[in-house]
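>>> I would like to see how this sequence folds:
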Amino acid sequence: MIKKGRIHNTSTWVLMLWLTLTGCVVHQPYAIDLSVPVPESFDEGAKDGVPLQRWWEAFEDPRLNALIDRTFSGNLDLAQAYARLEQVEAIRRSVRSGQLPTLEAGAQGSREDTPGFFGNNTGDGYRLSLAAAFELDLWQKWQSRTRAADDELRASREELQALYLSFSALTADLYYLAVEQRAQLALTDRTIASFADTVNLVERRYREGLVSPLDVYQARQSLAAAKARRPDFQATLATTEHALAVLLGDYPRGGTFGHVVVLPEAPEAFPAGLPSQVLARRPDVAAAFHRVRASDARVAAAIADRFPSINLIGGWGRSSTAFSTGDIEGEFWTLLADLTLPVIDGGRRRAEADRAKGEFRESLASYQKTALTAFQEVEDALALNRATEERIVGLEEEVEAAAGALRMSTERYLQGLSDYLPVLTAQASHFTAESLLLAARRQLISDRVSLARALGGEWMTEETEKRLTAGDGATGGVQPPIPDGRTQARRVID
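Residues are numbered from 1 along each chain as shown. Predicted coordinates for the structure are as follows:
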């Protein structure tokens, strides 16, 4: 038991040390250079204006709206992401507890029968105790760890929002790919029917002695080629519907998403705004930003771990012990200040600090690459939108010309002015041109979707908060205040 004088001297020493060292910081946060080259406008050109929020509503397709809602509620990757967010929140609470005192209660009870000088000594004993401990965070080790955990939680929430953005785009892509494949099947069926009529016509002319057997074989060849293309469209439709079903959290079966066979007109290209505004709308950039902050805080914690630690330990309790001469009972207490100074650890703590610094540099480079990739995705999407629009114009002209060539070659063949080869060539060209035009129109829709995904947005925050508020996701603990990491990053870059 510590004497009163020693307790007083120890308390004075601890208080003086606390007043001297409180607030000492062994690592100042790095002056993080987040700069990346940002032009004043996109090289590919972009429509001015404020980017759309719930971009898929621009397609004015109730089926698409319903499918995206089902994706948000049933997707299993999103369910995993919410579970991961719950784990990160629990880790944050665990780390945060290191800044708080601990208090433990103990109780013991016993009954003894032991031999003594005056016979056996039989009696009951008990011990009740409370033990408290607290580590003085002189070097802000636990505060730095808490900051790192806070930023990891913020990064996880941003990554969750990035999943919403990706899965909304993937749902639209798969949905319209399925529509295109149905349209391709309808086109193929019309072509097969037309080619079958041509075969009947050629066979009749052959029986009348007006054409050679070669024309019959060529007509049958054209019909067989059209039929051979049908299974490819069927297989693509089936696999697309299977992927869409799994995306929605359903069993992979086809034919459950309607039988729409007409592609809608692609909406106008979405306004992209300025390149500097992209960083404020991209959750993956915000997540990378918070990873940089978290790694910087871990550097501070690793450096602080190399300095002495002081733990205050106290205990109070009451005990009773039975003896043959009588019971001894009463209260007891202890107060202890424990100073631990790392002396020799084989360089482990220094190595951990070096590892944390390397992690910081890695996360900083990752942020800069993520930002540049975001710009690249917007530029790529703008280029693809422009190129596909131009390609559609050319394909429309090609379809019109191919239709005219097929009409003229058929008329000349029926009039006996040419053989069947020009008809065969025109049929194949017309079918291919129409099929390519369908694919290009669907590709333009996909390019619009890719542009919306590249531009990001803020609607994902509403979807995330709605699910968290409803209790279908990560819960527990008070969420840390979420600074606008995207805005902070954008301001630094600006």
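>>> which residues does stretch 238-258 contact?
Around stretch 238-258, the neighbours that count as contacts under CB atoms under 8 Å, 6 or more residues apart in numbering are 63, 67, 70-71, 74-76, 167, 170-171, 174-175, 177-178, 181, 237. No exception for glycine: its C-beta is placed from N, CA and C like everyone else's.
>>> would you map the strands across the stretch 201-350 of the chain?
In order along the chain, the stretch 201-350 of the chain carries the following strands (DSSP state E, counting those that start in this stretch): 309-323, 326-340.
>>> ranking those by burial, who's on top?
Mean neighbour count, computed with mean count of other CB atoms under 10 Å, is highest for strand 309-323 among the strands of the stretch 201-350 of the chain, reaching a mean of 16.
>>> pairing partners for it, with directions?
Looking at strand 309-323 with DSSP bridges, its paired strands and their directions are strand 121-136 (antiparallel), strand 326-340 (antiparallel).
>>> for residue 147, give me its contacts.
Under the criterion of CB under 8 Å, 6+ apart, the contact list for residue 147 reads 293-294, 297, 300.
>>> count of neighbours near residue 302?
The local packing count at residue 302 equals 23, with neighbours defined by other CB atoms under 10 Å.
>>> and if you look at residue 368?
Other residues close to residue 368 by other CB under 10 Å number 18.
>>> please confirm that it is located within a strand.
No - with the criterion set as DSSP: H, G, I helix; E, B strand; the rest coil, the secondary structure at residue 368 is helix rather than a strand.
>>> where does the residue nearest to it when sequence neighbours are not counted land on pLDDT?
Distances taken as CB to CB, 6 or more residues apart in numbering put residue 36 closest to residue 368, at 5.3 Å, once the chain neighbours are dropped. Here the pLDDT value assigned to residue 36 is 73.
>>> surely residue 36 is in a strand?
No - note on residue 36: no strand contains this position according to three-state DSSP, which reports coil.
>>> that one and residue 375, how far apart?
With distances taken as CB to CB, to the nearest Å, residue 36 is found 8 Å from residue 375.
>>> more crowded one of the two?
Using other CB under 10 Å, the more surrounded residue of residue 36 and residue 375 is residue 375, with 22 against 17.
>>> which residues touch the more buried one?
With CB under 8 Å, 6+ apart as the criterion, the residues that contact residue 375 are 36, 38, 275, 278.
>>> ok, those residues vs residue 367, which is closest?
The shortest approach to residue 367 among those belongs to residue 36, at 8.8 Å (CB to CB).
>>> so that closest one is in contact with residue 370, correct?
No - applying CB atoms under 8 Å, one finds residue 36 not in contact with residue 370, separated by 9.5 Å.
>>> any stretches of the stretch 351-494 of the chain with poor pLDDT?
Across the stretch 351-494 of the chain, the ranges flagged by pLDDT under 70 are 472-494.
>>> before we move on, back to that, show the buried residues in the contacts of stretch 238-258.
67, 70-71, 75, 167, 170-171, 174-175, 177-178, 181, 237 (16 or more other CB atoms under 10 Å).
>>> from residue 354, how far off is the nearest residue in space to residue 459 that is not next to it in sequence?
Nearest-residue entry for residue 459: residue 53, 4.3 Å, with adjacent residues in sequence omitted and distances by CB to CB, 6+ apart. Here the criterion is CB to CB. By it, residue 53 lies 45 Å from residue 354.
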